[in-house]
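Trainee: predicted model, plus sequence, below.
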Amino acid sequence: MNGVQSVRSFRSVPWPGGCAIPQGTANEQQSIIIAEYHRKWRDESQSWTDFEQFKKDGFEVSNATLGRGPDVVALQLVLSAGNDYVTAYMRGEGATFHVGEKQVTLEEFIALGEAYWSAFAKRAESRLTSAK
């Protein structure tokens, strides 16, 4: 992000009641119990220092949404590191995209992402087909 104007960062905090899954619960019911537990989590604002520390510890981008206007770019990132989850909102003058060390255009970046997910879907389909 270039010319950053604002950043808001929230850390997802687990609900203190825990998540108990009775032994022998079917997978579908387990998913429902876990989803209900996650809905009870709360967001807490993070300081810039905490956000910087989270970035230093290493993270994965779970989701990213980019919005563009004539003179502003907004980016929402959902980040995870271990059991920690952070949502960050950034606003700035523009964005540059890199794949490794190479700078790419937005269009190239989108095309690479689409190619990645297409290849991922083909691998998953191939595994499902070979497992039958």
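Mentor: Received it, and whenever you're ready, just let me know what you need.
Trainee: phi first, then psi, for the closest residue in space to A81 that isn't next to it in sequence.
Mentor: Leaving aside its sequence neighbours, A81 sits nearest to F59 (C-beta to C-beta, 6 or more residues apart in numbering; 4.2 Å). Using the backbone N, CA and C atoms, a C-beta is placed for each residue, glycine as well. Note on F59: backbone dihedrals following degrees, to the nearest 10 are phi -150, psi 170.
Trainee: the residue most central in space within the chain and P16, how far apart?
Mentor: The residue lying closest to the centre of the chain (C-alpha atoms, centre = their mean) is S62, at 2.3 Å. Noted for S62: a distance of 23 Å to P16, by C-beta to C-beta, to the nearest Å.
Trainee: Q53 now?
Mentor: From Q53 over to P16 the distance is 23 Å, taken as C-beta to C-beta.
Trainee: between the two, who's got more neighbours?
Mentor: A side-by-side neighbour count of Q53 and P16, using other C-beta atoms under 10 Å, places Q53 first with 11 against 7.
Trainee: quick check: the more buried one is in a strand.
Mentor: No - counting by DSSP: H, G, I helix; E, B strand; the rest coil, Q53 is not part of a strand but helix.
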